[in-house]
Every structure is written in structure tokens, then in C-alpha cells.
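coords please:
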Amino acid sequence: MPALSTSRDLRRANRSAVLRELLFGGQTSRLALAEATGLSNATVSAVVGDLIDEGLVREAGAEESSGGRPRTLVGVAADRALAVGVDLGERGLRVESFDLAWQKRSATFVEVPPGSLEPADLVGHVARAVDAVVADAGVAGATLLGVGVSVPGVVERTDRAEVHAPGLGWDGLPVGELLAPVMPGAVIVDNGAKAMGQAELWFGAARGASDAVVALLGIGVGAAIVTGGRLYRGSRSSAGEWGHTPIVVDGNLCRCGSRGCLEAYVGESAILRRWDAAGAAPARDGATDTERIEALFALAASDPAADAVAEAFARHLGAGLATLVNLFNPDRIVLAGSVGLRLTPDLLARVRSAAERYALRQPFESVQIVQGRLGEDAVALGAATLVVDALLASGFTLGPDGERIAIAAGAAR
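Residues are numbered from 1 along each chain as shown. Take a look at the predicted model:
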């Protein structure tokens, strides 16, 4: 029996290795798959054959050859399955569906007034939005792999997926348990910064980095820490609550209840409060907070009041980034989220300069500080990857079309 178990484990690992290359590297040849995975040509051919028989992989023509027999290319069957990502933010729900080629097939945004995400309302909003994007995906017969849900808070990775989100008034809300009965597939819940970090790691500005930090700068502030190419979670999955790192003793009150947190200086609300206090914020009827942030950063180059607010933001953010540089020695830091994506080139240069001023010289010399590449879709895309990542860990075996796929609770790694 142990030998059989080991054999099954080996087959599962080989299958996952091949699929991972195809899912994230695109079409390629069997020979290139063998080189990328370190598996033998015979093993790769056997795994690819099984995947073709299951409809997960298809042959896709031949690559150009400068001589000799052209090699046949293989790639994932993009329309074989869907994954849904839910970005449950503090402004509302962004829900998107993706095929196996990571093309967005459908999307919806449900605006939810602040303070109205009560448990019963949450379940209803998410269920209706997920049903809508699945119906609109336009992929007949595709298997729904599952639904990844990102939330702004600490997620305890248990069957109940309890969420602690002070900003939403949640203290141990069992989001996973509440959503599972009404979802059309398996549900995996994780922190929004971690979901976004995984998306940037797989597809965006952190791709190829072994040690990186992806910082989410928005209403809330958090970080996904990547070490050895994998997300670091800590003993209870709360690693990355960088926004609640104290940077000023007895400083500004943070919504978490503490004082002097980084979020209380570089979060969206903190920036706007400072601008309003300066008495120079222009009135913009109907403008969202995000649009006001964008206007502020654009004015910094020409308006002294806006420049002072931007400079204070850059100094505090630079100090916060310096703590990441000194603690984790990353080779890349990615700034994303509604605030991070709106930094102008000049402001990004100021942030880098401030980080250099506060960080140790040696680790700072090896770090790049860049902006995210995935835009507003990053968190929803990252939530969808949670499902695929869990399936890859288990061998990614699909049942018949439409069958609910079983994924262990808390399977996000």
C-alpha cells in the first residue's frame, strides 16, 4: 500500500508540474515541457496524453522549424473550465470569471454602501453576482472549478474561513461557511492583499521574483510577502498586515483601534483628510475618493498645497517600505491598489528616495520598487487563482461537465 500511495503522489506531482507550465507559460512543445519541469520526455508524453484524453489540453499546430521535423505544440483547452474571482472590497463587489487561458470572460461590479455588508446581505450579493458572471461567460459546457473570494481582513484558514475585518465590523465572521451552501462550486476565502500578490506573482510585476513584496495601497493597506517563490502566511495566516505596523509612537488614530499605524498615514482616507485639512482640496461634485487621489497626485507638480500632502505621503510610505526592505530583503517591491496604481512617475521617484533614506544601504541596493501591472482586476484575478492553485496541489482532476469540484477547505496555500 505505501508503494501505491507513493506512485499516486508521483503521478499527481508530475501532472501538476506539466499543467502549471501550460497554464502560466502558454503553448509549448513536449520537449520544452520536459526541459522546464525536469521530467523525462517519456513522462511528459504520458502526462500530456492523459490530459488530452480528458479534454484539458489540446494540440495546437506546430512551431516553426529551421530544419528537421517541426515540433507539435500543446496548450490548455481554454474553454474547458472556468474559475470565478470575487473581490469583496469596502466599496462593493467586483466579480469576474476567467477561462483556463486566464482571459476574462465576464465581469460585474455591485456597489455596496459602506457599513451595509451584513452577513445576510453579503451572501445574497455574492450569490447573485457569481450566478450572473457564470451565466454571462459564454462558455457552454465548461466545468466551474470554484469561486475564490478575497476579503479585507485576516482570514483564519479553517472550514469556516473566519474573517476578522475591523473596517467592516467583522470579528470572526465565518464567510466560507456562509457562502458554501449558495455557491455553484467550491469556495476558497483569502485576504485581498494575498490574492492580489499571487496574481502579480503569476502574471504581473512580481513574476520571476523569488523574494518579493506586493503592497496593496488603498482604503486599507496590506502586503503579500513572497519568499522562495511562494506566499508567506505565518502561523495563523495573518502575515502581511503591514498597514498596521506602527511608524509613529502615539500617532494618528487608526481604524484598527491602535495609533500610529502606517495605514493612518498612507491609506486613502488619511491622504484625503490631510488634503482637506490643508484647505486646498478642489470641489469635484460626484468625484470618488479614488478620483480625488488621482487629482491630488497630478496637482503635486504644480500646486504647493498638493505638493506638501504628496510629500508627506511619500515620506511615510518610504519609511514603511524601508521596514520591508530591512526585514525581508526582497529583490522587488510592487505597489498596487487604488492608491499605488495612481502614483505619478515623480511621486514614485520620491517614494523610492524616501525608502532609500530610511533603509539599510546593502539590502536597498538590491531591491526594485515598481508599480503593479494588472490594474483594477488584480484582486479578482488573484482570487480566481486561489482555486486553480488548490487544484494544482491536488493534481487538477476534473469530473464530468458541470460536476461540482471538491477542494479541501482552506486549501489556498
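
Val149 is in contact with Gly185, correct?
No: with contact defined as CB atoms under 8 Å, Gly185 does not count as touching Val149 (11.5 Å). Where you see a C-beta, it was placed from the backbone N, CA and C, and this is true even at glycine.

Which neighbouring elements make contact with the helix or strand that contains Lys194?
Using DSSP states H and E, Lys194 sits within helix 192-203. Contact partners of helix 192-203 among helices and strands, from 3 or more CB pairs under 8 Å, 6 or more residues apart in numbering; DSSP states H and E: strand 81-88, strand 143-151, strand 212-217, strand 221-227, strand 230-232, strand 332-336, helix 378-394.

Tell me the neighbouring strands of the second one, and mark each as parallel or antiparallel.
If I follow you right, that is strand 143-151. strand 81-88 (parallel), strand 187-191 (parallel) (DSSP bridges).

any idea how far Val48 lies from Ser394?
Distance, Val48 to Ser394, by CB to CB, to the nearest Å: 19 Å.

who has more neighbours, those two?
Val48 (22 against 15; other CB atoms under 10 Å).

related to what we said a few turns ago, want to throw the strands paired with strand 143-151 into a markdown table with mean pLDDT and distance to Phe109?
Shown next, in a markdown table, are the strands paired with strand 143-151 (pLDDT from 0 to 100; distance: least, CB to CB, whole Å):
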| stretch | mean pLDDT | distance to Phe109 |
| --- | --- | --- |
| strand 81-88 | 95 | 9 |
| strand 187-191 | 94 | 20 |
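
Take those strands and lay them out in JSON lines including mean neighbour count and distance to Leu374.
Putting the strands paired with strand 143-151 into JSON lines (neighbours: other CB atoms under 10 Å; distance: least, CB to CB, whole Å) gives the following:
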{"stretch": "strand 81-88", "mean neighbour count": "28", "distance to Leu374": "12"}
{"stretch": "strand 187-191", "mean neighbour count": "29", "distance to Leu374": "16"}
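
just checking, Leu360 touches Thr323?
No: in this structure, Leu360 is not within contact of Thr323 by CB under 8 Å, at 10.7 Å.

Of the two, which one has the most company?
More crowded of Leu360 and Thr323, by other CB under 10 Å: Thr323, with 16 against 11.

Give me the spatial nearest neighbour of the more buried one, chain neighbours excluded.
Once flanking residues are discounted, Thr323 sits nearest to Thr245: 6.2 Å by CB to CB, 6 or more residues apart in numbering.

if I pick the residue lying closest to Asp131 once chain neighbours are set aside, what's in contact with it?
What sits nearest to Asp131 in space, not counting adjacent residues and going by CB to CB, 6+ apart, is Pro184, at 7.1 Å. With contact taken as CB atoms under 8 Å, 6 or more residues apart in numbering, Pro184 is in contact with 130-131, 134, 144, 147, 404.

Next up, identify which helix or strand Ala301 is on.
Going by DSSP H and E, Ala301 is not part of any helix or strand.

neighbours of it, just the number please.
Ala301: 13 surrounding residues under other CB under 10 Å.

What does the pLDDT read for the spatially closest residue to it that is not a sequence neighbour?
Ranked by CB to CB, 6+ apart and with sequence neighbours excluded, the top spatial neighbour of Ala301 is Asp346, at 6.0 Å. Looking at Asp346, its pLDDT reads 97.

Report the contact partners of the spatially most central residue of the chain.
The centroid of the chain falls nearest to Met196 when counting by CA atoms, centre = their mean (1.8 Å). Taking CB under 8 Å, 6+ apart, we find Met196 in contact with 150, 214, 216, 224, 336-337, 372, 374, 378-379, 382.

And the furthest pair within the residues you listed?
The span of the contacts of Met196, defined through CB to CB, is set by Ser150 and Gly372 at 14.9 Å.

what about those two, which has more around it?
Ser150 (31 against 23).

Can you tell me how far that one is from Asp131?
Distance of Ser150 to Asp131, computed by CB to CB: 19 Å.

do the same with Glu263
34 Å.

Who has more neighbours out of those two?
Remark: of Glu263 and Asp131, Glu263 carries more neighbours, 28 against 15, as counted by other CB under 10 Å.

Find the nearest non-adjacent residue to that one, please.
Gly243 is the one closest to Glu263 (CB to CB, 6+ apart), at 3.7 Å.

hmm, back to that, kindly reformat the contacts of Pro184 as JSON lines and extend each row with distance to Gly220 and pLDDT.
Shown next, in JSON lines, are the contacts of Pro184 (distance: CB to CB, whole Å; pLDDT from 0 to 100):
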{"residue": "Val130", "distance to Gly220": "23", "pLDDT": "95"}
{"residue": "Asp131", "distance to Gly220": "28", "pLDDT": "94"}
{"residue": "Val134", "distance to Gly220": "28", "pLDDT": "94"}
{"residue": "Leu144", "distance to Gly220": "29", "pLDDT": "90"}
{"residue": "Val147", "distance to Gly220": "22", "pLDDT": "95"}
{"residue": "Arg404", "distance to Gly220": "32", "pLDDT": "43"}
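
Among those, which one has the most neighbours?
Among the contacts of Pro184, Val147 has more neighbours than the rest - 30 neighbours, counting by other CB under 10 Å.

could you check the distance from the nearest residue to that one once chain neighbours are set aside over to Ala380?
Nearest residue to Val147, sequence neighbours excluded (CB to CB, 6+ apart): Val84, at 4.6 Å. According to CB to CB, Val84 stands 9 Å off from Ala380.

what residues do the two have in common as contacts?
Applying CB under 8 Å, 6+ apart, one finds that Val84 and Ala380 are jointly contacted by 95-96.

Stretch 298-311: how far from the chain's middle?
Chain-centre distance of stretch 298-311: 31 Å, with CA atoms, centre = their mean, to the nearest Å.
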